[in-house]
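Q: take this sequence and fold it.
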Amino acid sequence: MRVATERGRIFLLLTTLALPGTAQAEGEPLSAIDWLSRSVVTPAAMAPHSLAVPGARPGEPPVSSGVTNESVSVMSLDRPTANALGLVPAARTGLPRDLWGDTAEAQLAAALRKERIDTLPSIQAFLMELLLAELDPPRVPAPAGHNVLFLARIDRLLDMGALEQAMALLEQADATDPEVFRRRFDVALLLGEENKACEIMEKTPRLAPSFPARIFCLARSGDWQTAALSFGTGRALGQIDPETADLLERFLEPELADGAEDLPPPSRPSPLVFRMMEAIGQPMSTNSLPVAFAQADLRSNTGWKAQLEAAERLTRMGVLDPNQLLGLYTQDKAAASGGVWDRVTLISAFDAALNTNDPDRVAQLLPGLWDAMQAQELEPALATIYGEQLAAMNLPGAAGSIAFRLGLLSPGYEKVARAHEPADADERLLCGIAQGSTGGMPAQDQLGLMLKHVFDAPTTTVPPAYAEMMPNRQGEALLSAVDDITEGAKGDYRRVESGLDLMRLSGLEEVARRAALEMVILERNG
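A: Reported below is the predicted structural model:
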């Protein structure tokens with residue numbers, strides 16, 4: 001009886017797949033993030049030129065000599081927009097609820113999806129806050145599509161590896177929306193919560209699951225017979241590509257792998273393929289995969305080294321609590337030497353010296369630890385964990401200088417600056433930046449001179465680069481400032497100055513100060 005019922009479901013699915021307009025265009029990307037699974041089958045948007053005119057006859061000459069196309073917004077009336085969903089109230093961010101203003105939704109979506117390489121940690125944190133904030137939708141919706149801005153926010157979070165934050169947002173949205181479900185399904189796979197995604201698929205008849213996703217969920221529920229039937233049907237109809245078919249066959253019949261060669265690892269696996277490769281005994285290293293896959297290595301059943309390397313990647317992206325990384329570093333003695341094991345040894349010894357209040361040992365270990373973490377761009381994590389404590393220890397020499405800088409990279413940067421007696425002109429300028437006032441302090445180089453232009457006096461006018469966007473497109477202006485600070489930090493200090501000025505003018509003083517401190521201390525400029 002169960003098989004017959006499943007045959008009926010498969011028939012309905014095939015009917016859906018065969019409907020005109022539902023086939024995916026050749027070469028069409030699966031989504032903005034190319035590793036997302038096609039876990040559901042979604043109808044392709046019908047192009048305007050494909051709409052037939054009632055009563056028109058083929059070959060009939062046009063009545064009008066010209067046509068003006070107007071932009072038409074399409075929105076479902078039975079579903080509220082997800083664009084206003086968020087996890088952080090606008091009041092907590094210090095930003096106005098109408099931040100997006102008059103900027104077109106599609107333009108904002110493109111700006112948020114933009115890849116930003118080597119962004120300063122404070123700028124990355126600000127971007128995260130923007131992605132999670134509860135803000136009013138832009139006043140100019142996308143001409144076509146639904147929740148375009150919301151999906152762009154989710155995709156940016158996935159690019160950053162912020163899966164838990166993305167899932168928290170997705171759980172607020174309509175799970176029956178195929179584009180929402182597709183992302184929720186893949187995030188669940190990487191977080192090890194695939195049963196939840198499969199339950200939604202099973203209980204939502206509006207979703208038309210792809211054959212691989214359907215087969216995977218049937219097998220997860222223990223219905224191997226129906227999964228095998230779906231597999232045979234999908235392969236016979238050409239709805240499963242050969243590479244996926246080989247993987248599904250071994251997933252459903254593990255005995256086929258006995259004595260057989262391993263399947264070649266896919267070059268661009270989706271989370272579904274990634275999970276099935278693990279299930280057949282061919283787990284894939286996440287080191288060469290997008291950072292979101294690193295979340296899968298944080299599970300307790302993963303080897304310690306893989307957990308450490310994944311935690312370091314995610315900490316660099318600013319999506320993992322540094323204290324979680326510290327917990328992994330100090331959970332045991334290093335199993336070997338070299339690479340991550342050297343950092344385990346250093347952190348464990350350093351943490352023990354702090355806990356036993358041994359300043360001499362701390363001063364001895366700190367320079368080597370700084371160098372090791374600097375090589376991995378993990379100094380901000382070190383600062384978050386130890387910065388304020390170290391700055392208060394009055395360590396001598398090189399260790400004291402490093403401790404002061406770690407304190408300035410910590411959330412308590414302003415308190416550290418007020419309590420510190422500068423040893424030279426560089427430290428005087430750093431203290432001035434941390435307190436938002438550099439008047440009368442000397443600059444030693446072009447970077448310092450630019451930062452003095454920003455912090456010598458409060459910003460009162462909109463920088464020319466953003467004049468056309470302010471005040472009605474403030475969110476767009478801030479995203480442009482993020483790009484100016486990120487790219488300008490590589491040597492174009494005029495762009496950095498404009499970006500920092502706009503941050504200060506917008507009430508984002510902490511973002512501006514911390515970004516400036518990071519440019520100097522982390523030396524990620526030029």
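Q: and stretch 286-303, what's its mean pLDDT?
A: The pLDDT scores in stretch 286-303 average 94.
Q: any buried residues in the helix or strand harbouring residue 124, and which?
A: Under the criterion of DSSP states H and E, residue 124 resides in helix 121-132. Residues of helix 121-132 classed as buried: 121-132 (neighbour count, 16 or more other CB atoms under 10 Å). For every residue, glycine as well, the C-beta is placed using N, CA and C.
Q: same question for stretch 268-282.
A: Applying 16+ other CB under 10 Å to stretch 268-282 flags 269-277, 279-280 as buried.
Q: pipe those residues into a markdown table and attach distance to residue 85 and secondary structure per row.
A: Converted to a markdown table, the buried residues of stretch 268-282 look like this (distance: CB to CB, whole Å; DSSP: H, G, I helix; E, B strand; the rest coil):
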| residue | distance to residue 85 | secondary structure |
| --- | --- | --- |
| 269 | 29 | coil |
| 270 | 25 | coil |
| 271 | 23 | helix |
| 272 | 26 | helix |
| 273 | 29 | helix |
| 274 | 28 | helix |
| 275 | 27 | helix |
| 276 | 31 | helix |
| 277 | 33 | helix |
| 279 | 33 | helix |
| 280 | 37 | coil |
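Q: and those, which is closest to residue 40?
A: Among those, residue 272 lies closest to residue 40 (CB to CB), at 11.6 Å.
Q: where does this protein have low pLDDT?
A: Applying pLDDT under 70 to the chain flags residues 1-32, 42-80, 524-526.
Q: contact partners for the nearest residue to residue 306 once chain neighbours are set aside?
A: Among residues not flanking residue 306 along the chain, residue 297 sits closest, at 4.5 Å (CB to CB, 6 or more residues apart in numbering). Neighbouring residues of residue 297 by CB atoms under 8 Å, 6 or more residues apart in numbering: 286, 306-307, 309-310.
Q: would residue 297 count as being in a strand?
A: No: applying DSSP: H, G, I helix; E, B strand; the rest coil, one finds residue 297 to be helix, outside a strand.
Q: all strands of the stretch 251-400 of the chain, in order?
A: Taking DSSP state E, counting those that start in this stretch as the test, none of the stretch 251-400 of the chain falls into strands.
Q: need the helices for it, in chain order.
A: Assigned by DSSP state H, counting those that start in this stretch, the helices in the stretch 251-400 of the chain fall at 271-279, 304-316, 322-329, 340-355, 359-375, 379-391, 397-408.
Q: output the contacting helices and strands for the last one.
A: Same thing as helix 397-408. helix 359-375, helix 379-391, helix 413-419, helix 425-434, helix 509-521 (3 or more CB pairs under 8 Å, 6 or more residues apart in numbering; DSSP states H and E).
Q: got the angle for the longest one vs helix 379-391?
A: An angle of 160 degrees separates the directions of helix 359-375 and helix 379-391 when computed by axes from the mean of the first three to the mean of the last three CA atoms, to 10 degrees.
Q: run the chain-centre distance for helix 359-375.
A: 31 Å (CA atoms, centre = their mean, to the nearest Å).
Q: show residues contacting that helix.
A: By CB under 8 Å, 6+ apart, the residues outside helix 359-375 that reach it are 342-343, 346-347, 349-350, 353-354, 379, 381-382, 390, 393, 395-400, 402-403, 406.
Q: let's go with 6 Å and repeat that
A: Taking contacts as CB atoms under 6 Å, 6 or more residues apart in numbering, the residues outside helix 359-375 that touch it are 343, 346, 349-350, 353-354, 379, 382, 393, 395, 398-399, 402.
Q: one more: stretch 510-526?
A: The contact list for stretch 510-526 (CB under 6 Å, 6+ apart) reads 120, 122-123, 126, 405, 408, 433, 436, 451, 485, 489, 491, 500, 503-504.
Q: now for the residues you listed: which two are most distant?
A: 436 and 491 (24.9 Å).
Q: and the two? which has more neighbours close in?
A: residue 436 (17 against 12; other CB atoms under 10 Å).
Q: quick check, that one in a helix?
A: No: assessed with three-state DSSP, residue 436 is coil; it does not lie in a helix.
Q: show the contacting residues for it.
A: Neighbouring residues of residue 436 by CB under 6 Å, 6+ apart: residue 513.
Q: distance of it from residue 513?
A: 6 Å (CB to CB, to the nearest Å).
Q: take the buried residues of helix 121-132 and lay them out in CSV including distance to residue 413.
A: Putting the buried residues of helix 121-132 into CSV (distance: CB to CB, whole Å) gives the following:
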residue, distance to residue 413
121, 12
122, 10
123, 15
124, 17
125, 13
126, 15
127, 20
128, 19
129, 18
130, 22
131, 24
132, 23
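Q: closest to residue 155 out of these?
A: Nearest to residue 155 out of those is residue 131 (CB to CB; 9.9 Å).
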